[in-house]
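K.L.:
After the sequence you'll find the predicted model.
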Amino acid sequence: GIDIALWDIAGKHHGKPIYQLLGGAFRKKLRAYASILFGKDGAETCQIGKKWVDRGFTAVKFGWAPMGRSEELDLELVEGARRGVGPGNDVCIDAGCCWDTITAVRRAQQFEEYKILWLEEPLDQDNIDGYRRLTSASRIPIAAGEGECGRHAWRDLIERGGIHVAQVDIARNGFTEAVRIADLAEDRGLRVVNHFYTTGINLAAGLHWLVTRPSAFIFEYCVEETPIRWDVTKQRMEIDAEGCVHVPEGPGLGVDLNEDAIDRMRVR
(Lines give C-alpha, C1' and ligand atoms only; values in the text may rest on other atoms or scores of the structure.)
Protein backbone atom coordinates (compact mmCIF):
# COMPACT_ATOMS: atom_id res chain seq x y z
CA GLY A 1 0.00 0.00 0.00
CA ILE A 2 2.81 2.43 0.81
CA ASP A 3 4.52 1.69 -2.51
CA ILE A 4 1.28 2.30 -4.43
CA ALA A 5 0.76 5.57 -2.55
CA LEU A 6 4.30 6.76 -3.30
CA TRP A 7 3.86 6.12 -7.02
CA ASP A 8 0.54 7.99 -6.88
CA ILE A 9 2.28 10.93 -5.21
CA ALA A 10 5.04 10.88 -7.83
CA GLY A 11 2.50 10.85 -10.64
CA LYS A 12 0.61 13.78 -9.15
CA HIS A 13 3.88 15.68 -8.60
CA HIS A 14 4.92 15.25 -12.23
CA GLY A 15 1.40 15.56 -13.63
CA LYS A 16 1.59 12.17 -15.31
CA PRO A 17 -0.30 8.87 -15.01
CA ILE A 18 1.68 6.10 -13.36
CA TYR A 19 1.87 4.03 -16.55
CA GLN A 20 3.99 6.79 -18.08
CA LEU A 21 6.34 6.75 -15.10
CA LEU A 22 6.67 2.96 -15.59
CA GLY A 23 7.92 3.44 -19.15
CA GLY A 24 4.76 3.89 -21.18
CA ALA A 25 1.84 1.74 -22.31
CA PHE A 26 1.80 -0.91 -25.02
CA ARG A 27 -1.97 -0.35 -25.16
CA LYS A 28 -4.43 1.97 -23.42
CA LYS A 29 -7.15 -0.61 -22.85
CA LEU A 30 -7.36 -4.32 -22.04
CA ARG A 31 -10.02 -6.94 -22.64
CA ALA A 32 -11.66 -7.55 -19.28
CA TYR A 33 -12.97 -10.80 -17.86
CA ALA A 34 -15.81 -10.82 -15.35
CA SER A 35 -14.45 -12.40 -12.17
CA ILE A 36 -17.15 -14.04 -10.05
CA LEU A 37 -17.84 -17.08 -7.87
CA PHE A 38 -19.38 -20.35 -9.05
CA GLY A 39 -23.06 -21.00 -8.55
CA LYS A 40 -24.19 -23.87 -6.31
CA ASP A 41 -24.34 -26.23 -9.32
CA GLY A 42 -23.93 -26.33 -13.08
CA ALA A 43 -27.33 -24.81 -13.81
CA GLU A 44 -26.79 -21.80 -11.56
CA THR A 45 -23.25 -21.35 -12.90
CA CYS A 46 -24.65 -21.36 -16.43
CA GLN A 47 -27.05 -18.54 -15.57
CA ILE A 48 -24.24 -16.51 -13.99
CA GLY A 49 -22.19 -16.87 -17.17
CA LYS A 50 -25.10 -15.74 -19.35
CA LYS A 51 -25.66 -12.73 -17.10
CA TRP A 52 -22.16 -11.36 -17.54
CA VAL A 53 -21.92 -12.10 -21.25
CA ASP A 54 -25.22 -10.25 -21.68
CA ARG A 55 -23.63 -7.30 -19.88
CA GLY A 56 -20.86 -7.09 -22.46
CA PHE A 57 -18.03 -9.32 -21.24
CA THR A 58 -16.34 -11.67 -23.69
CA ALA A 59 -14.73 -13.76 -20.93
CA VAL A 60 -15.83 -14.90 -17.47
CA LYS A 61 -13.86 -16.51 -14.64
CA PHE A 62 -15.63 -18.69 -12.10
CA GLY A 63 -13.98 -19.54 -8.81
CA TRP A 64 -13.82 -21.34 -5.50
CA ALA A 65 -16.52 -23.33 -3.69
CA PRO A 66 -18.21 -25.66 -4.40
CA MET A 67 -15.35 -26.75 -6.68
CA GLY A 68 -13.50 -29.68 -5.11
CA ARG A 69 -16.40 -31.44 -3.39
CA SER A 70 -16.62 -34.28 -5.91
CA GLU A 71 -15.54 -35.22 -9.40
CA GLU A 72 -19.13 -35.18 -10.60
CA LEU A 73 -19.77 -31.66 -9.32
CA ASP A 74 -16.44 -30.35 -10.62
CA LEU A 75 -17.32 -31.46 -14.14
CA GLU A 76 -20.88 -30.18 -13.82
CA LEU A 77 -19.65 -26.72 -12.79
CA VAL A 78 -17.23 -26.41 -15.70
CA GLU A 79 -19.79 -27.70 -18.19
CA GLY A 80 -22.29 -25.15 -16.87
CA ALA A 81 -19.71 -22.37 -17.10
CA ARG A 82 -18.94 -23.18 -20.72
CA ARG A 83 -22.60 -23.49 -21.66
CA GLY A 84 -23.45 -20.17 -20.03
CA VAL A 85 -20.59 -18.18 -21.52
CA GLY A 86 -21.05 -19.74 -24.95
CA PRO A 87 -18.63 -21.16 -27.53
CA GLY A 88 -17.46 -17.78 -28.82
CA ASN A 89 -16.27 -16.44 -25.46
CA ASP A 90 -13.56 -17.44 -22.97
CA VAL A 91 -13.91 -19.32 -19.69
CA CYS A 92 -11.35 -19.34 -16.88
CA ILE A 93 -11.62 -21.71 -13.92
CA ASP A 94 -10.24 -20.80 -10.48
CA ALA A 95 -10.16 -23.98 -8.40
CA GLY A 96 -9.26 -22.16 -5.19
CA CYS A 97 -6.39 -24.47 -4.17
CA CYS A 98 -8.81 -27.36 -3.63
CA TRP A 99 -7.03 -30.49 -5.00
CA ASP A 100 -4.02 -32.69 -4.37
CA THR A 101 -1.54 -33.07 -7.21
CA ILE A 102 -2.92 -36.30 -8.69
CA THR A 103 -6.48 -34.95 -8.70
CA ALA A 104 -5.36 -31.70 -10.31
CA VAL A 105 -3.64 -33.59 -13.14
CA ARG A 106 -6.82 -35.59 -13.70
CA ARG A 107 -9.04 -32.50 -13.69
CA ALA A 108 -6.78 -30.71 -16.17
CA GLN A 109 -7.24 -33.66 -18.52
CA GLN A 110 -11.00 -33.81 -17.94
CA PHE A 111 -11.46 -30.06 -18.52
CA GLU A 112 -9.74 -30.11 -21.93
CA GLU A 113 -12.97 -30.62 -23.86
CA TYR A 114 -14.37 -27.37 -22.44
CA LYS A 115 -11.53 -25.34 -23.98
CA ILE A 116 -10.90 -23.16 -20.95
CA LEU A 117 -8.44 -20.28 -21.20
CA TRP A 118 -6.60 -21.30 -18.04
CA LEU A 119 -6.91 -23.37 -14.86
CA GLU A 120 -6.08 -21.20 -11.86
CA GLU A 121 -4.59 -22.21 -8.49
CA PRO A 122 -5.61 -25.87 -8.55
CA LEU A 123 -3.03 -26.66 -5.84
CA ASP A 124 -2.01 -25.22 -2.50
CA GLN A 125 0.13 -22.14 -3.08
CA ASP A 126 3.20 -23.74 -1.48
CA ASN A 127 2.99 -27.01 -3.44
CA ILE A 128 5.80 -26.07 -5.83
CA ASP A 129 6.73 -29.67 -6.68
CA GLY A 130 3.07 -30.39 -7.40
CA TYR A 131 2.91 -27.44 -9.77
CA ARG A 132 5.94 -28.79 -11.60
CA ARG A 133 4.23 -32.17 -12.09
CA LEU A 134 0.97 -30.54 -13.11
CA THR A 135 2.39 -28.02 -15.57
CA SER A 136 4.44 -30.76 -17.20
CA ALA A 137 1.31 -32.87 -17.76
CA SER A 138 -1.39 -30.28 -18.49
CA ARG A 139 -2.33 -29.10 -21.96
CA ILE A 140 -4.39 -26.33 -20.35
CA PRO A 141 -2.35 -23.28 -19.25
CA ILE A 142 -1.88 -23.21 -15.48
CA ALA A 143 -2.16 -19.81 -13.77
CA ALA A 144 -1.08 -19.00 -10.21
CA GLY A 145 0.66 -16.55 -7.93
CA GLU A 146 -1.96 -14.25 -6.41
CA GLY A 147 -0.66 -15.02 -2.91
CA GLU A 148 3.03 -14.46 -3.65
CA CYS A 149 4.83 -11.41 -2.27
CA GLY A 150 8.13 -10.25 -3.75
CA ARG A 151 10.33 -11.44 -6.58
CA HIS A 152 12.25 -13.92 -4.43
CA ALA A 153 9.06 -15.81 -3.55
CA TRP A 154 7.95 -15.60 -7.17
CA ARG A 155 11.21 -17.08 -8.47
CA ASP A 156 10.40 -20.54 -7.08
CA LEU A 157 6.91 -20.57 -8.58
CA ILE A 158 8.19 -19.45 -11.96
CA GLU A 159 11.38 -21.49 -12.22
CA ARG A 160 10.52 -24.61 -10.20
CA GLY A 161 6.75 -24.60 -10.48
CA GLY A 162 6.76 -24.04 -14.22
CA ILE A 163 3.48 -22.10 -14.32
CA HIS A 164 2.32 -20.61 -17.63
CA VAL A 165 0.49 -17.45 -16.48
CA ALA A 166 1.79 -15.30 -13.61
CA GLN A 167 -1.00 -13.57 -11.68
CA VAL A 168 0.54 -10.62 -9.85
CA ASP A 169 -1.47 -8.81 -7.17
CA ILE A 170 -0.36 -5.18 -7.01
CA ALA A 171 -1.92 -4.81 -3.56
CA ARG A 172 0.49 -7.47 -2.27
CA ASN A 173 3.56 -6.38 -4.19
CA GLY A 174 3.32 -2.70 -5.12
CA PHE A 175 4.45 -1.27 -8.45
CA THR A 176 8.18 -1.42 -7.74
CA GLU A 177 8.29 -5.14 -7.06
CA ALA A 178 5.60 -6.00 -9.62
CA VAL A 179 7.80 -4.61 -12.39
CA ARG A 180 10.67 -6.84 -11.27
CA ILE A 181 8.39 -9.89 -11.05
CA ALA A 182 7.00 -9.26 -14.52
CA ASP A 183 10.50 -8.91 -15.95
CA LEU A 184 11.45 -12.22 -14.36
CA ALA A 185 8.34 -13.93 -15.71
CA GLU A 186 8.47 -12.53 -19.23
CA ASP A 187 12.19 -13.26 -19.57
CA ARG A 188 11.24 -16.93 -19.08
CA GLY A 189 8.41 -16.91 -21.61
CA LEU A 190 5.45 -16.49 -19.26
CA ARG A 191 2.49 -14.20 -19.71
CA VAL A 192 1.61 -11.85 -16.87
CA VAL A 193 -1.85 -10.77 -15.73
CA ASN A 194 -3.23 -8.94 -12.72
CA HIS A 195 -5.03 -10.38 -9.72
CA PHE A 196 -7.77 -8.15 -8.36
CA TYR A 197 -10.88 -8.67 -6.24
CA THR A 198 -11.39 -5.63 -4.06
CA THR A 199 -11.50 -1.85 -4.59
CA GLY A 200 -11.24 0.63 -7.43
CA ILE A 201 -7.81 1.59 -6.08
CA ASN A 202 -6.50 -1.88 -6.87
CA LEU A 203 -8.30 -1.88 -10.20
CA ALA A 204 -6.61 1.37 -11.26
CA ALA A 205 -3.22 0.19 -9.98
CA GLY A 206 -3.53 -3.10 -11.87
CA LEU A 207 -4.39 -1.27 -15.08
CA HIS A 208 -1.45 1.15 -14.83
CA TRP A 209 0.93 -1.79 -14.32
CA LEU A 210 -0.51 -4.25 -16.81
CA VAL A 211 -0.75 -1.91 -19.81
CA THR A 212 3.05 -1.49 -19.59
CA ARG A 213 3.69 -5.23 -19.99
CA PRO A 214 4.27 -6.66 -23.50
CA SER A 215 2.74 -10.05 -22.62
CA ALA A 216 -0.54 -8.63 -21.20
CA PHE A 217 -3.64 -10.02 -22.91
CA ILE A 218 -6.56 -9.89 -20.48
CA PHE A 219 -7.52 -8.10 -17.25
CA GLU A 220 -9.25 -9.43 -14.13
CA TYR A 221 -12.34 -7.31 -13.47
CA CYS A 222 -14.19 -8.22 -10.29
CA VAL A 223 -17.96 -7.91 -10.68
CA GLU A 224 -18.87 -8.73 -7.08
CA GLU A 225 -21.65 -6.28 -6.23
CA THR A 226 -20.45 -4.95 -2.86
CA PRO A 227 -19.81 -1.40 -1.58
CA ILE A 228 -16.11 -2.04 -1.00
CA ARG A 229 -15.76 -3.04 -4.65
CA TRP A 230 -17.62 -0.09 -6.18
CA ASP A 231 -17.80 2.83 -3.73
CA VAL A 232 -14.23 3.42 -2.50
CA THR A 233 -13.35 5.52 -5.57
CA LYS A 234 -15.46 8.11 -7.33
CA GLN A 235 -14.54 6.62 -10.72
CA ARG A 236 -15.97 3.19 -11.55
CA MET A 237 -13.95 2.39 -14.72
CA GLU A 238 -16.73 0.45 -16.46
CA ILE A 239 -16.08 -1.73 -19.49
CA ASP A 240 -16.74 -0.30 -22.96
CA ALA A 241 -18.91 -1.68 -25.76
CA GLU A 242 -16.14 -4.12 -26.75
CA GLY A 243 -15.75 -5.56 -23.24
CA CYS A 244 -12.53 -3.63 -22.57
CA VAL A 245 -11.47 -1.44 -19.64
CA HIS A 246 -9.38 1.70 -20.18
CA VAL A 247 -6.43 2.81 -18.07
CA PRO A 248 -7.14 6.10 -16.19
CA GLU A 249 -5.40 9.08 -17.81
CA GLY A 250 -5.27 11.42 -14.81
CA PRO A 251 -2.06 12.05 -12.82
CA GLY A 252 -0.94 9.27 -10.50
CA LEU A 253 -3.53 6.52 -10.22
CA GLY A 254 -6.04 8.76 -11.95
CA VAL A 255 -8.77 8.09 -9.39
CA ASP A 256 -10.22 10.04 -6.49
CA LEU A 257 -11.23 8.55 -3.17
CA ASN A 258 -14.86 8.68 -2.09
CA GLU A 259 -14.15 9.86 1.43
CA ASP A 260 -17.80 9.66 2.51
CA ALA A 261 -18.05 5.99 1.49
CA ILE A 262 -14.73 5.17 3.15
CA ASP A 263 -15.87 6.85 6.35
CA ARG A 264 -19.08 4.78 6.34
CA MET A 265 -17.12 1.53 5.92
CA ARG A 266 -14.32 2.34 8.36
CA VAL A 267 -13.99 0.04 11.37
CA ARG A 268 -13.43 2.07 14.52
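P.N.:
That came through, no problem.
K.L.:
Quick one: the helices in the stretch 1-150 of the chain, in order.
P.N.:
Using DSSP state H, counting those that start in this stretch, the helices assigned to the stretch 1-150 of the chain run over residues 2-14, 18-21, 42-54, 71-85, 101-110, 128-137.
K.L.:
For these, could you give me a markdown table that also reports mean pLDDT and mean neighbour count?
P.N.:
Backbone N, C-alpha and C define where each C-beta goes, glycine included. Below are the helices of the stretch 1-150 of the chain laid out as a markdown table (pLDDT from 0 to 100; neighbours: other Cβ atoms under 10 Å):
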| stretch | mean pLDDT | mean neighbour count |
| --- | --- | --- |
| helix 2-14 | 98 | 16 |
| helix 18-21 | 98 | 21 |
| helix 42-54 | 98 | 18 |
| helix 71-85 | 98 | 20 |
| helix 101-110 | 98 | 18 |
| helix 128-137 | 98 | 17 |
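K.L.:
Distance to residue 172 for those - can I get that in a markdown table?
P.N.:
Output for those, formatted as a markdown table (distance: least, Cβ to Cβ, whole Å):
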| stretch | distance to residue 172 |
| --- | --- |
| helix 2-14 | 10 |
| helix 18-21 | 17 |
| helix 42-54 | 26 |
| helix 71-85 | 27 |
| helix 101-110 | 23 |
| helix 128-137 | 18 |
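K.L.:
Tell me, how many residues neighbour residue 253?
P.N.:
Each residue near residue 253 was counted by other Cβ atoms under 10 Å, and the total is 26.
K.L.:
Tell me the spacing between the residue nearest to residue 50 when sequence neighbours are not counted and residue 49.
P.N.:
Nearest residue to residue 50 in three dimensions, chain neighbours excluded: residue 84, at 4.7 Å (Cβ to Cβ, 6 or more residues apart in numbering). Separation of residue 84 from residue 49 (Cβ to Cβ, to the nearest Å): 3 Å.
K.L.:
Could you pull up the contacting residues of the residue nearest to residue 50?
P.N.:
The neighbours of residue 84, taking Cβ atoms under 8 Å, 6 or more residues apart in numbering as the test, are 45-50, 53, 60.
K.L.:
count of neighbours near residue 148?
P.N.:
Residue 148 has 23 nearby residues by other Cβ under 10 Å.
K.L.:
swap that for residue 240, please
P.N.:
That count, for residue 240 with other Cβ under 10 Å as the rule, works out to 11.
K.L.:
Please consider this matter closed, and thank you.
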